[in-house]
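Engineer: The sequence isn't on hand, but the structure is:
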């Protein structure tokens, strides 16, 4: 019978090689995983439009609007979608829930999404003003209800916010 002696605290060379192999494979797996799942991109800031260079201009000026005010062409659809906060495809899906609606054009969904954003901004702004008047930063149900009562155009919310 072969007798083996163990040394306390010092790992054998074979176990060190095994441990190093495991570490290398773990590093390789993490690198492979990072390639498959890249880190998330920073959120898009809709208040800062992308600057585009003018074509054929030697002055090197920039254009910040999607179309010039004098042009008769419609605004760029991609620009309109990038400036939305709410996902217009989700709004389009919600519009299709109605059984009477067969198809919804992307432009219509973009317009409805923009209208919803404007409505929510106004409601949030008025509610925040009501909260500030009561020396609070937190918007409560009472603030939203008061904003609804103060605006005649929001009368359709009577059943939801009495």
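Structural biologist: Cool, the structure landed. Small disclaimer: the values here were computed from a predicted structure and weren't measured. Numbering: from 1, shown residues only.
Engineer: Every contact and neighbour count from this point should use C-alpha atoms.
Structural biologist: Will do.
Engineer: Now do the strands in this structure.
Structural biologist: Listed in chain order, the strands of the chain (DSSP state E) span residues 52-53, 62-63.
Engineer: what's the longest helix in the chain?
Structural biologist: Criterion DSSP state H: the longest helix present in the chain is helix 106-133.
Engineer: Buried residues, that one. List them.
Structural biologist: For helix 106-133, the neighbour count (16 or more other CA atoms under 10 Å) marks 109-110, 112-114, 123-124, 126-131 as buried.
Engineer: Now for those residues: which two are most distant?
Structural biologist: Checked with CA to CA, those reach their widest spread between 109 and 131, with 32.4 Å between them.
Engineer: Enumerate every residue touching the closest residue to residue 124 other than its chain neighbours.
Structural biologist: Excluding the flanking residues, the one nearest residue 124 by CA to CA, 6 or more residues apart in numbering is residue 144, at 7.7 Å. With contact taken as CA atoms under 8 Å, 6 or more residues apart in numbering, residue 144 is in contact with 123, 124, 126, 127.
Engineer: how much space between residue 144 and residue 130?
Structural biologist: 8 Å (CA to CA, to the nearest Å).
Engineer: same deal with residue 87?
Structural biologist: 28 Å.
Engineer: cool, and residue 111?
Structural biologist: Taken as CA to CA, the span from residue 111 to residue 130 is 29 Å.
Engineer: Same check on residue 113?
Structural biologist: 26 Å.
Engineer: And for residue 84?
Structural biologist: To residue 130, residue 84 is 26 Å away according to CA to CA.
Engineer: Pretty sure residue 111 is one of the things residue 86 touches, is it not?
Structural biologist: No - contact criterion CA atoms under 8 Å: residue 86 and residue 111 do not qualify, at 11.5 Å.
Engineer: Need the residues touching each of these two.
Structural biologist: By CA under 8 Å, 6+ apart, residue 86 and residue 111 have no common neighbours.
Engineer: shaky segments in this structure?
Structural biologist: 1-9, 38-79 (pLDDT under 70).
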